[in-house]
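[1] Task: produce atomic coordinates for the following.
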Amino acid sequence: MTGKHPETPNAGTGGLKCPTCGAPAAAPASPGQRSPRPFCSSRCADVDLGRWFQGQYAIPAVEAADDTIIDAMAAELEARAKRGEDTE
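    Residues are numbered from 1 along each chain as shown. Alright, predicted model coming up:
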């Protein structure tokens, strides 16, 4: 086998790239076997898992909605409703 990682097969990846390093992904596993897919190797899968544990993929928290935003939206909806009533 040739490639960036010793566990990386060259065929059967379907064009899928490893999200960690960009190398071709490992081939799908045979029945009863395991594959690091969508990663190219177990090492890249472990690097990705480590990033999750360190919080590098965390979704940023959003503060609660400001009441002024809600009030503005409610006023806009009321204005639309009034315009709809006026045109009929």
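[2] okay, the spatially most central residue of the chain: pLDDT?
    Centroid-nearest residue in the chain: Tyr57, 9.0 Å away (criterion: CA atoms, centre = their mean). Note on Tyr57: pLDDT of 87.
[3] do Pro60 as well
    Looking at Pro60, its pLDDT stands at 76.
[4] Got phi/psi on it?
    phi -60, psi 140 (degrees, to the nearest 10).
[5] How many residues are close by it?
    When neighbours are defined as other CB atoms under 10 Å, Pro60 has 4 of them. Heads up, the C-betas are built off the backbone N, CA and C, glycines and all.
[6] Please tell me how far Ser73 sits from Pro60.
    Just so we're on the same page, residue 73 is Met rather than Ser. 23 Å (CB to CB, to the nearest Å).
[7] oh, I was asking about Ala45
    Taking CB to CB, one finds Ala45 at 25 Å from Pro60.
[8] do Glu78 as well
    32 Å.
[9] quick one: the helices in the protein?
    42-53, 67-87 (DSSP state H).
[10] For these, give me JSON lines that also has distance to Cys18 and mean pLDDT.
    Formatted as JSON lines, the helices of the chain follow (distance: least, CB to CB, whole Å; pLDDT from 0 to 100):
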{"stretch": "helix 42-53", "distance to Cys18": "5", "mean pLDDT": "96"}
{"stretch": "helix 67-87", "distance to Cys18": "41", "mean pLDDT": "80"}
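[11] For these, state which one has the densest average packing.
    Comparing the helices of the chain by mean neighbour count (mean count of other CB atoms under 10 Å), helix 42-53 comes out on top with a mean of 14.
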